[in-house]
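# Sequence unavailable; structure follows:
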Ligand code: PMP
């Protein structure tokens, strides 16, 4: 354990140490069960208690109303790209014949739209690819065009935090009443949301909520109620709503870790307002360094929309970037390389990244800059 580094991976990503310790301690024998979480039936009383607790914790943290289901699915964020469209606008969807609007503010939104396009017509309501996804529409970014919304769209899809570009919506876009479908994969539970503003929220767990293998979906049950029963059984939200995510063998270990992570959030912070406060503080530590040396640490995202979760920046040359990354590694600051489409460096500082880890990176950034004279 003393070899643990500060891991800035974009995902799968850092988990809280107390969660890992508890999973280790309970690995051979879940208290009162006599077997490992890996060995028990997904229909056992012991696992039922675990999945129910995970759901209750998420409901508590996010204030999820009763008319929304909380589902634990497989297939990752990527299956949701297709599944949302198939259940809503596809041939078998609840709003067959309608199209959907997509906000393209980063690589993931673009891929979400590409999958949706396979089942039904979609429209681009905003696209910042021309500037390599560094901004958001007005009113979030001044001088940008506003969203070009179709009032008859079945939904508006957006990615509240673009993991690669480090572009985050500070609040929900105003769609004038058209349901919001949100890919919250990389900032899920980083702050409190008003869930009633959304038709559907999905998030793969392996960034801010747990390990790979489970994707959490929060869906307004009425929105998907009219999807056809002829959808593949696994790809129909109504299956999972009716069977409480246990139609097939659920990813039991991943759900167990989500339960531990949400318990940790409740125990350590109490609520998501406190989590958000800490996330703002952590991100500020790094953005302050960048703002003080904007020609050296060149942020990718525009200021109004830079992410609290993924801090993406370039250095003035590839040589400096390489030196920065290898020096960081020597200090136990790992996985800081930026995605190839953006280059440079990216620090992912999810809920579980300790303040001390961000302080360590901040100190290294200051020192590295000073060394260059
Ligand atoms: N959406 C976003 C915003 C992501 O960051 C990712 C994963 N990096 C995905 C979707 C895809 O998730 P998965 O790999 O679980 O399919």
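Great, that's in hand. Values in this document were obtained by computation on a predicted structure and should not be read as measured data.
# any residues touching stretch 82-93, and which ones?
Stretch 82-93 is touched from outside by 75, 94-96, 98-100, 112, 115-116, 118-122, 154-155, 157, 181, 200, 202, 223-224, 227-228, 230-231, 235-237, with contacts defined as Cβ atoms under 8 Å, 6 or more residues apart in numbering. The way it works is simple: take the backbone N, C-alpha and C, and place the C-beta from them, glycine included.
# same check, this time on stretch 359-367
Outside stretch 359-367, the residues that reach it (Cβ under 8 Å, 6+ apart) are 6, 8, 285-286, 288-289, 297, 327-328, 331-333, 336, 347.
# Narrow those to those in helices?
285, 286, 288, 289, 327, 328 (DSSP state H).
# returning to what we had before: give me the buried subset of the contacts of stretch 82-93.
Using 16 or more other Cβ atoms under 10 Å as the burial test, those include 94-95, 98-100, 112, 115-116, 119-120, 122, 154-155, 157, 181, 200, 202, 223-224, 227, 231, 235-237 as buried.
# what residues does the stretch 201-350 of the chain put near the ligand?
Selection of the stretch 201-350 of the chain residues close to the ligand by Cβ under 6 Å from any ligand atom yields residue 204.
# residue contacts, the residue of the stretch 201-350 of the chain found nearest the ligand?
Nearest to the ligand, among the residues of the stretch 201-350 of the chain, is residue 204, at 3.4 Å (Cβ to the nearest ligand atom). Contact analysis of residue 204 by Cβ under 8 Å, 6+ apart lists 11, 76, 77, 185, 212, 214, 215.
# If we use 7 Å, what do you get?
76, 77, 185, 215 (Cβ atoms under 7 Å, 6 or more residues apart in numbering).
# quick one: the second one and residue 183 touch, right?
Spelled out, that is residue 77. Yes: using Cβ atoms under 7 Å, residue 77 makes contact with residue 183 at a distance of 6.3 Å.
# In terms of neighbours, single out the busier of these two.
Between residue 77 and residue 183, counting by other Cβ atoms under 10 Å, residue 183 is the more crowded of the two (28 against 23).
# Report the separation between the more buried one and the ligand.
Using Cβ to the nearest ligand atom, to the nearest Å, residue 183 is found at 5 Å from the ligand.
# Could you point out the helix or strand that follows whichever strand or helix holds residue 49?
For residue 49, the host element (DSSP states H and E) is helix 45-62. Downstream of helix 45-62, the next assigned helix or strand under DSSP H and E is strand 68-73.
# Give me the angle between the helix or strand following that next one and strand 68-73.
Where DSSP H and E defines the elements, the next helix or strand beyond strand 68-73 is helix 76-88. Orientation check (axes from the mean of the first three to the mean of the last three Cα atoms, to 10 degrees): helix 76-88 against strand 68-73 gives 130 degrees.
# Could you confirm whether helix 76-88 reaches the ligand?
Yes: for helix 76-88, a contact with the ligand is found by Cβ under 6 Å from any ligand atom, at 76, 77, 78.
# now those in TSV, with distance to residue 367 and pLDDT?
Output for the residues of helix 76-88 next to the ligand, formatted as TSV (distance: Cβ to Cβ, whole Å; pLDDT from 0 to 100):
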residue	distance to residue 367	pLDDT
76	38	98
77	36	98
78	39	98
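# out of the residues you listed, which one sits closest to residue 208?
Of all the residues of helix 76-88 next to the ligand, residue 77 has the smallest distance to residue 208: 12.1 Å, by Cβ to Cβ.
# what sits against that closest one?
Applying Cβ under 7 Å, 6+ apart, the residues contacting residue 77 are 183, 185, 202, 204, 215.
# Shouldn't residue 202 be within a helix?
No: counting by DSSP: H, G, I helix; E, B strand; the rest coil, residue 202 is not part of a helix but strand.
# Okay, it and residue 186: tell me how far apart.
12 Å (Cβ to Cβ, to the nearest Å).
# re earlier: shared neighbours, residue 77 and residue 183?
residue 202.
# domain ranges for the chain?
According to automatic domain parsing, the chain comprises the domains 21-268, 271-371.
# Ok, which of the ones you listed comes nearest residue 1?
domain 21-268 (8.6 Å).
# That closest one: end-to-end distance?
15 Å (Cα to Cα, to the nearest Å).
# just to revisit the earlier point, can I get the residues of helix 76-88 next to the ligand in CSV with distance to residue 219?
Below are those laid out as CSV (distance: Cβ to Cβ, whole Å):
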residue, distance to residue 219
76, 17
77, 15
78, 17
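# Which of those residues sits closest to residue 177?
For the residues of helix 76-88 next to the ligand, the nearest to residue 177 is residue 77 (26.1 Å; Cβ to Cβ).
# low pLDDT regions in the stretch 151-300 of the chain?
Counting by pLDDT under 70, the stretch 151-300 of the chain shows no low-confidence range.
# where along it do the strands fall?
Using DSSP state E, counting those that start in this stretch, the strands of the stretch 151-300 of the chain run over 156-159, 161-162, 167-168, 180-183, 200-204, 215-220, 298-299.
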